[in-house]
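Undergrad: My questions are about this predicted structure, shown below with the sequence.
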Amino acid sequence: MPTSPPPVAVFAMNPVHLTELFPPPLMARLRQLATIDPGLVVQDFREPTAARALATADLLITGWGCPHIGTEVLDCAPRLRTVLHTGGSVRSMVGDAFWERGLTISSAVVANALPVAEYTLATILLAGKDTFGLRERFRAERVYPAPGEYTSVGNLGRRVGIVGASRVGRRVLELLRPFDLRVGLYDPYVAEAEARALGAETLPLDELLRTSDIVSVHAPDIPETYRMLNRERLALVPDGGVLINTSRGSLIDHAALTDELVTGRLSAVLDVTEPEPLPADSPLYRLPNVFLTPHIAGSLGNELARLGRTAVEELERLTEGLGPAHAVRRAELAISA
């Protein structure tokens, strides 16, 4: 029986990421499934070479740095049916024209959630042992604290509050299961029975903040979550509480958080801030109760190959006549990152 020719694919992303997303074995696997030129990585759909490639493209393989796929681009791509995105959010990449033409897009958001959740788990456990604070004290004093000074340290029965059952939030809940922690969840879209299945107790946001030793933020960056942790809500977190943010800086009132951290009442682990990065004179760089990292929780280095592998696996499904496993639905964008 005759077989269908392989689909024609085009890369559209910042080319600096290409070899990390698709190391040689993965690139070879991709080229067995689709006709694609690894030497052509589109950054501007208006360029003549990009326009010629779009004219015959059945699908785009996109990543960070992909230009917006608007009406003019779609008019140049009459055969386009699918976009396989190696990043997370697709909200800014496609608009109404894309959805109105009935096109399909999938993303690697599930794969990218894994390292974020791993980072979060590590920082929760380290924060519960007061690792960051004790390390600063040990570096300054160079003597061990007296045994009686450890009474508030430890993870047995500690209360952890998760804000948002996003894909990252759900993975964090899964990773927390083996530990002797009490886990609360705030998410207005998750019913109590579902939360119990995830291993958490549902709580209103204010109560979760008031009763948690450690609060980890995993809500999406949408208008409804802008500054959701404002000055009044930050004041609810108990003295000595720890705030972890791997979501987006805009979810927290940065000035209010800075004030809390400068007093030393709270501690924080911040992989994201607002603005990003912080100004060079920000006090958060110097505070011993603040652990700042430069937006590293998501996929980096060899973890990028997991994102590329997700796109290749989606392509395999398409060549087998199946739909993508990680399709993005238009209706989901209102409540997801």
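TA: Noted; the coordinates are in hand.

Undergrad: How many residues are close by Pro283?
TA: With neighbours defined by other Cβ atoms under 10 Å, the count for Pro283 comes to 11. No exception for glycine: its C-beta is placed from N, CA and C like everyone else's.

Undergrad: Can you tell me how far it is from Gly301?
TA: 30 Å (Cβ to Cβ, to the nearest Å).

Undergrad: where's Leu175, which helix or strand?
TA: Counting by DSSP states H and E, the element that carries Leu175 is helix 167-176.

Undergrad: go on, Thr120?
TA: Assignment of secondary structure by DSSP H and E places Thr120 within helix 109-128.

Undergrad: quick one, that helix and helix 167-176 angle?
TA: Using axes from the mean of the first three to the mean of the last three Cα atoms, to 10 degrees, the direction of helix 109-128 lies 50 degrees away from that of helix 167-176.

Undergrad: hey, where'd the strands end up in the protein?
TA: Secondary structure of the chain, counting by DSSP state E: strands at 9-12, 41-42, 59-62, 82-85, 104-106, 159-163, 182-186, 201-202, 214-217, 242-245, 267-270, 290-292.

Undergrad: Strand partners (parallel or antiparallel) of the fourth one?
TA: Spelled out, that is strand 82-85. Sheet partners assigned to strand 82-85 using DSSP bridges are listed as strand 59-62 (parallel), strand 104-106 (parallel).

Undergrad: Averaged pLDDT, the longest one. What do you get?
TA: Across strand 59-62, pLDDT averages out at 98.

Undergrad: now that strand, how far from the chain's geometric center?
TA: Centroid separation for strand 59-62 versus its chain: 21 Å, with Cα atoms, centre = their mean, to the nearest Å.

Undergrad: mind listing what's buried in that strand?
TA: Judged by neighbour count using 16 or more other Cβ atoms under 10 Å, the buried positions of strand 59-62 are 59-62.

Undergrad: ditto for stretch 212-220
TA: Neighbour counts using 16+ other Cβ under 10 Å place 212-220 of stretch 212-220 among the buried residues.

Undergrad: from the chain's centre, how far out does the helix holding Leu175 sit?
TA: Computed by Cα atoms, centre = their mean, the separation of helix 167-176 from the middle of its chain amounts to 12 Å.

Undergrad: what's in contact with stretch 12-31?
TA: Around stretch 12-31, the neighbours that count as contacts under Cβ atoms under 8 Å, 6 or more residues apart in numbering are 9, 11, 36, 38, 41-43, 45, 50, 60-67, 86, 301-302, 304-305, 307-309, 311-312, 315.

Undergrad: how's this protein carved up into domains?
TA: Each structural domain of the chain that the record assigns through automatic domain parsing is listed here as a residue range: 9-107+301-335, 112-292.

Undergrad: average model confidence for the last one?
TA: Per-residue confidence for domain 112-292 averages out to 97 on the pLDDT scale.

Undergrad: Ends of that domain, what's the gap?
TA: Looking at domain 112-292, the gap from its leading to its trailing residue is 20 Å under the measure Cα to Cα, to the nearest Å.

Undergrad: Same question for the shortest one.
TA: Between the start and the finish of domain 9-107+301-335 there is a gap of 30 Å, counting by Cα to Cα.
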